[in-house]
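# coordinates only, sequence not included:
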């Protein structure tokens, strides 16, 4: 027996050497992508700007606080962190198959033998006896053809993909809070414009009522002024409803019940962040959705190898070392020692398409993942180009709208003076003031869009700022998830 036991370490070492011999399945290679050489709108390179906490460039501490609250409290980030822990746990389970699984067991039983059983109890024999067992057991399935290694690659890629998913939530959440806050401040300004215009029209209405009573103006002119006043009044509740809805949206993003949102600077008081710039190829290295799609492709590629490994046999080793005795007093004696060592081989012979089906399915998933990755990359280039072009064009539009408001304001002033001096009908004043009111609202909307497009640039390009922001978000509980690829 001693000779047999001495052979065991050698057998285990040989098996370990064999387990690293072959890894079936394709090794991962990143698909080629046709990246454009440059963006349709060129900005001066400012990579460092793309890696900073860009929302702080607005110069509004209230916005900074809202984003911090969102990163700390938003449920989507807690979900993303939990998902990382989920895949990290699966990775630990998968990697455990590289090593022998060691366990123990013990039992004690009281038994009665049959007097007429086979073998029969000898005459005068005691049918009652006790049995005590204790043992250590070990089992090990050799990864001879790389099945466990491919499984480990797949789950590790899922961990990395879930980490990128969390970064993607950080990116989207930060951009959404900033854009929502800019929209809120824009709606606030539109509401102020509507209230100021209604107040101005109310004064005009009061004057015309007095003039009508004095016989200076006609009923037609009074109704024209009344219509103008009611138009401004009607805009107020609609804008108040939009303000409340925007506050509720921001409340949801920062992880609290709907309610009022603190205000900081007006939309006119915002500083304008710089436009980040980078080469299109850099998106492949820092956009979370691209990195996530690639890791899902890595997992799908590895799963092809897992499926192909089913064609090959599995070899397993099992061993037991323990004690067994019918008397408790003899339980710890050398005579009670037991041991066993076994090796097993199992493999497919006729599966009637079962394995072929799994391989076909895994290969189809891998092809789907390739196409998905390429589509995500293409969408990233489109989104970035759209955001850069949108930023440039919205700035031009906002400038033109500001000049239009200035021109209409002067037009309204001159028309009012002509009317007061009796050189024009009030219809000219009515037209000028209505045009001015509408233009002021449009100018604010265009300013909102200009900032929103700039925020979209930071979202589209990704950048090191995502990792800075992620430090404020709920972190996965597992230490293994902190490993970056």
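It's in. Computed from a predicted model, the values in this text were never measured in an experiment.

# Spell out the residue ranges of the helices in the protein.
2-19, 47-50, 61-73, 75-95, 147-213, 219-253, 283-286, 288-308, 354-420, 426-461, 465-470 (DSSP state H).

# Now render these as a markdown table, adding distance to residue 34 and mean pLDDT.
C-beta coordinates here come from the backbone N, C-alpha and C atoms, glycine included. Converted to a markdown table, the helices of the chain look like this (distance: least, Cβ to Cβ, whole Å; pLDDT from 0 to 100):
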| stretch | distance to residue 34 | mean pLDDT |
| --- | --- | --- |
| helix 2-19 | 41 | 47 |
| helix 47-50 | 23 | 66 |
| helix 61-73 | 35 | 95 |
| helix 75-95 | 31 | 91 |
| helix 147-213 | 22 | 92 |
| helix 219-253 | 36 | 91 |
| helix 283-286 | 12 | 81 |
| helix 288-308 | 14 | 94 |
| helix 354-420 | 9 | 93 |
| helix 426-461 | 18 | 91 |
| helix 465-470 | 25 | 86 |
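
# what sits against residue 384?
39, 280, 283, 457, 460-461 (Cβ atoms under 8 Å, 6 or more residues apart in numbering).

# for the chain, what's the longest strand?
Secondary structure of the chain per DSSP state E: the longest strand is strand 128-142.

# What is that strand packed up against?
Under the contact criterion of 3 or more Cβ pairs under 8 Å, 6 or more residues apart in numbering; DSSP states H and E, strand 128-142 touches helix 2-19, strand 101-112, strand 314-325.

# top of the contacts of residue 384 by neighbour count?
Highest neighbour count within those: residue 461, with 27 neighbours (other Cβ atoms under 10 Å).

# thinking it is in contact with residue 283, fair?
Yes: the criterion here is Cβ atoms under 8 Å, and residue 461 meets it with residue 283 at 6.8 Å.

# pLDDT value on residue 97, please?
On pLDDT, residue 97 comes in at 88.

# How many residues are close by the closest residue to residue 88 other than its chain neighbours?
Leaving out its chain neighbours, the residue that sits closest to residue 88 by Cβ to Cβ, 6 or more residues apart in numbering is residue 478, at 4.1 Å. The local packing of residue 478 (other Cβ under 10 Å) involves 18 other residues.

# now residue 125
11.

# check contacts around the closest residue to it other than its chain neighbours.
Spatial nearest neighbour of residue 125, excluding adjacent residues (Cβ to Cβ, 6+ apart): residue 113 at 7.8 Å. By Cβ under 8 Å, 6+ apart, the contact list for residue 113 reads 121, 125, 127-129.

# Residue 35: which of the residues you listed is nearest?
Set against residue 35, the nearest of the contacts of residue 113 by Cβ to Cβ is residue 129 (79.0 Å).

# From residue 332, how far out is that closest one?
19 Å (Cβ to Cβ, to the nearest Å).

# and what of residue 326?
Applying Cβ to Cβ to residue 326 and residue 332 gives a distance of 14 Å.

# now residue 111: how far from residue 131?
Relative to residue 131, and taking Cβ to Cβ, residue 111 is found at 6 Å.

# Settle it for me: which of the two has more neighbours?
More neighbours surround residue 131 than the other of residue 111 and residue 131, with 13 against 10 (other Cβ under 10 Å).

# Can you tell me the closest non-neighbouring residue to that one?
In space, and not counting its chain neighbours, residue 131 is closest to residue 109: 5.1 Å by Cβ to Cβ, 6+ apart.

# isn't the one you found right up against residue 130?
Yes: using Cβ under 8 Å, residue 109 makes contact with residue 130 at a distance of 6.9 Å.

# quick one, which of these two is more surrounded?
The neighbour comparison of residue 109 against residue 130 (other Cβ under 10 Å) goes to residue 130, with 12 against 9.

# Give me the nearest residue to that one, chain neighbours excluded.
Residue 130 sits nearest to residue 110 (Cβ to Cβ, 6+ apart), 5.4 Å away.

# Then residue 240?
In this structure, residue 240 finds its nearest non-sequential neighbour in residue 191, 6.5 Å apart by Cβ to Cβ, 6+ apart.

# Could you tell me how many residues sit around that neighbour?
Counted with other Cβ under 10 Å, residues neighbouring residue 191 total 20.

# Also the one 10 residues further on?
The burial count assigned to residue 201 is 23, neighbours taken as other Cβ under 10 Å.

# show me what contacts it?
Residue 201 sits next to 225, 228-229, 232, 433 when contact means Cβ under 8 Å, 6+ apart.

# could you redo the last one with a cut-off of 7 Å?
Counting by Cβ atoms under 7 Å, 6 or more residues apart in numbering, residue 201 touches 228-229, 232.

# and if you look at residue 248?
Neighbour list for residue 248: residue 258 [criterion: Cβ under 7 Å, 6+ apart].

# if I look at the residue nearest to residue 160 when sequence neighbours are not counted, how far off is residue 30?
Distances taken as Cβ to Cβ, 6+ apart place residue 295 nearest to residue 160, at 4.4 Å, with adjacent residues excluded. Per Cβ to Cβ, residue 295 is found 11 Å from residue 30.

# Between the two, which has more neighbouring residues?
Under the criterion of other Cβ under 10 Å, the comparison of residue 295 against residue 30 puts residue 295 first, with 23 against 11.

# Enumerate every residue touching the more buried one.
157, 160-161, 164.

# Beta-bridge partners for the residue nearest to residue 332 when sequence neighbours are not counted, please?
Spatial nearest neighbour of residue 332, excluding adjacent residues (Cβ to Cβ, 6+ apart): residue 323 at 6.9 Å. In this entry, residue 323 is beta-bridged to residue 134, residue 337, by DSSP bridges.

# go on, residue 314?
Counting by DSSP bridges, residue 314 is bridged to residue 346.

# My guess is it contacts residue 346. True?
Yes: counting by Cβ atoms under 7 Å, residue 346 is a contact partner of residue 314 at 5.5 Å.

# who's more crowded, those two?
Just comparing residue 314 and residue 346: by other Cβ under 10 Å the higher neighbour count belongs to residue 314, 17 against 9.
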